[in-house]
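Colleague: Structure here, sequence nowhere to be found:
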Ligand SMILES: NC(=O)c1ccc[n+]([C@@H]2O[C@H](COP(=O)([O-])OP(=O)(O)OC[C@H]3O[C@@H](n4cnc5c(N)ncnc54)[C@H](OP(=O)(O)O)[C@@H]3O)[C@@H](O)[C@H]2O)c1
């Protein structure tokens, strides 16, 4: 059994776009008090405006006060322009929770001089449907209580893994941050290979898509490791074994994936700052 979620007493979300808006929906479903929630977004979507009116969430109040948690959901390149308006929202006990790609804890503290406790998180696209995989790192000032609050907020969007060192965020970006695109490419490649093997394109496309979503659902439902599930469907000398011999050879998928992840990690490092 996991401990009950420790949602914050008050929360301000800055930037209720795709990711921020989706996370907000998850937090409300998890029990976040809408009356202790504030949204700051200069051009909120109709859906966010309607949600705020319906649930009594403060939207762009004239004088927002510091909350227990300040979530940054704006684009990374917007941080500099937003920082003057954000500074008064950071009280001495405010936890700053940032999902801004490439912005380090040092960058965030430099832009928000009052900030002490900072959690930097890297969610991925499926977080927008509550099925994300997020890596997070906490600054030394983050208390055990604040970490539990950050965990509750991040876990509303899916799996959360805490990292010891901030440098590991670039590896998280390369594995789970960019990872959904690798899986989408797998669907494309499988469909193309199906066409090359003689299937009609629409049939190959539907089969490839359903194979990946079905295998994902099976992986989720099963207590077995992926490698065991793979072995379970691989009879010696059978068709799957013939394919895996190609995919698992020295210049196969393993080496290619290592190269791909290393390239993404390198790029994440270059883009950071
Ligand atoms: N989408 C992903 O898969 C993903 C994955 C990992 C991390 N992230 C991170 O999540 C963050 C948000 O990405 P997103 O895709 O959700 O972007 P998005 O849809 O553009 O959302 C950003 C929102 O912030 C608003 N905004 C801009 N400046 C603001 C300001 N000064 N004060 C308050 N709100 C402001 C934007 O309004 P306007 O539209 O009017 O500019 C928009 O509604 C990024 O930092 C990104 O690195 C995203």
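Modeller: Received, thanks. Every value quoted in this text rests on a predicted model; they were computed, and no experiment measured them.
Colleague: which one is the most centrally placed residue in the chain nearest to, not counting chain neighbours?
Modeller: What sits nearest the mean C-alpha location of the chain, by C-alpha atoms, centre = their mean, is residue 123, with 1.4 Å. Closest residue to residue 123 apart from its sequence neighbours, by C-beta to C-beta, 6 or more residues apart in numbering: residue 134 at 4.4 Å. No exception for glycine: its C-beta is placed from N, CA and C like everyone else's.
Colleague: And the pLDDT at residue 165?
Modeller: Each residue has a pLDDT score; the one for residue 165 is 96.
Colleague: Can you give me the neighbour number for residue 104?
Modeller: Counted with other C-beta atoms under 10 Å, residues neighbouring residue 104 total 18.
Colleague: And it, how far from the ligand?
Modeller: 13 Å (C-beta to the nearest ligand atom, to the nearest Å).
Colleague: Next, give phi and psi for that residue.
Modeller: Dihedral pair for residue 104: phi -80, psi 170, per degrees, to the nearest 10.
Colleague: just residue 11 next, same as before
Modeller: Backbone torsions of residue 11, given as degrees, to the nearest 10, read phi -150, psi 140.
Colleague: my guess is it contacts residue 38, does it?
Modeller: Yes. Here residue 11 reaches residue 38: they are 7.4 Å apart, a contact under C-beta atoms under 8 Å.
Colleague: and those two? which has more neighbours close in?
Modeller: residue 11 (25 against 20).
Colleague: which ones are touching residue 145?
Modeller: Residue 145 makes contact with residue 6, according to C-beta atoms under 8 Å, 6 or more residues apart in numbering.
Colleague: With residue 114 instead?
Modeller: Residue 114 is in contact with 87, 90, 91, 92, 94, counting by C-beta under 8 Å, 6+ apart.
Colleague: Please report the distance of it from residue 46.
Modeller: Residue 114 sits at a distance of 33 Å from residue 46 (criterion: C-beta to C-beta, to the nearest Å).
Colleague: Likewise for residue 5?
Modeller: Residue 5 is 29 Å from residue 46, by C-beta to C-beta.
Colleague: who's more crowded, the two?
Modeller: The residue with more neighbours, out of residue 5 and residue 46, is residue 5; 16 against 7, by other C-beta under 10 Å.
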